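Quick one: sequence plus predicted model below, questions after.
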Amino acid sequence: MRRLGILGSGSGTNMQAILDAIGAGRLEAEIAIVLSDQPEARILERARQAGLPAAVIDCRGFSSRFPDEAQGETAAALEKAGVDLVCLAGFMRLLRKPLLEPFAGRIINIHPSLLPAFPGLEAWAQAVAAGATESGCSVHYVDAGMDTGPIISQARVPVRPDDTPASLHARIQEQEHRLYPKCIGEVLDSLPG
């Protein structure tokens, strides 16, 4: 059984969607470990409620930077858990060499826009503010840039004239929860061994 490592900073709805897909037999994998850079993040609570190993990443007091030491410790924890694929689920720090190198080609992310449009934070709000007529979500491989890695798949969501950032985000999340588990399965199938 292929093993997933989940990194998240927030509520953990995408992790829950992955867990639900596993439970429903739509995704053949298991979540080996859940790590968060935010000690109070709901994703940790969700993981513990599901009986999953969960821990906090020590970012040395930095609010947004991801120090190399912390990245090295994260890589070691993922390796110790026997992780085949790392899935970012609302993880809000940029990854660098100490984490990217040991998991080269095995880290993916879900982002709430049709990349390359609207990278970074609150992409749904960026789309509404820009007057976009279409948004959506993208699953992509992670590299050292901000939402710049090769795209695996996307799902489109129309932006309605009366959309608020919250209403658009809710519809994008519906697509994320469908697309991400599907893409995880496809990436796992493509991995050697």
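Now that the structure is in, tell me what you want to look at.

Off-centre distance for the longest helix anywhere in the chain?
When the chain is scanned for its longest helix (criterion: DSSP state H), the result is helix 165-190. Offset of helix 165-190 from its chain centre (Cα atoms, centre = their mean, to the nearest Å): 10 Å.

Now do the strands in this structure.
In order along the chain, the chain carries the following strands (DSSP state E): 3-8, 30-36, 54-56, 85-88, 107-111, 134-141, 151-158.

To Lys182, which of those strands lies closest?
Nearest of the strands of the chain to Lys182, taken as Cβ to Cβ: strand 151-158 at 7.6 Å. Bear in mind the C-beta positions are built from the backbone N, C-alpha and C, glycine included.

okay, now Thr164: neighbour count?
Around Thr164 sit 12 other residues, with neighbours defined as other Cβ atoms under 10 Å.

give me every residue that touches it.
For Thr164, the residues meeting the contact criterion (Cβ atoms under 8 Å, 6 or more residues apart in numbering) are Val128.

Could you measure from it over to Cys59?
As for Thr164, its distance to Cys59 is 32 Å (criterion: Cβ to Cβ, to the nearest Å).

Show the contacting residues for the closest residue in space to Cys137 that isn't next to it in sequence.
Excluding the flanking residues, the one nearest Cys137 by Cβ to Cβ, 6 or more residues apart in numbering is Glu176, at 4.7 Å. The contact partners of Glu176, by Cβ under 8 Å, 6+ apart, come to Thr13, Asn14, Ala17, Ile110, Pro112, Cys137, Ala155.

count of neighbours near the closest residue in space to the third one that isn't next to it in sequence?
This means Ala17. Taking Cβ to Cβ, 6+ apart, and ignoring the residues beside it in sequence, Ala17 has His177 as its nearest neighbour in space, at 3.7 Å. Under the neighbour criterion other Cβ under 10 Å, His177 is assigned a count of 18.

which residues sit in contact with His177?
Under the criterion of Cβ under 8 Å, 6+ apart, the neighbours of His177 are Thr13, Asn14, Gln16, Ala17, Asp20.

Same check on Val128?
With contacts defined as Cβ under 8 Å, 6+ apart, Val128 is in contact with Val159, Asp163, Thr164, Pro165, Leu168.

what about burial for the residues you listed, which qualify?
With burial judged by 16 or more other Cβ atoms under 10 Å, the buried subset of the contacts of Val128 is Val159, Asp163, Leu168.

List the beta-bridge partners for the nearest residue to Gln175 once chain neighbours are set aside.
If the residues on either side of it in the chain are set aside, Gln175 comes closest to Ala155, at 4.0 Å by Cβ to Cβ, 6+ apart. Listed beta-bridge partners, Ala155: Cys137 (assigned using DSSP bridges).

Correct me if wrong: Ala155 contacts Glu174.
No - counting by Cβ atoms under 8 Å, no contact exists between Ala155 and Glu174, whose distance comes to 9.2 Å.

ok, the two, which is more surrounded?
The residue with the greater number of neighbours, taking Ala155 and Glu174 and applying other Cβ under 10 Å, is Ala155; the counts read 20 against 13.
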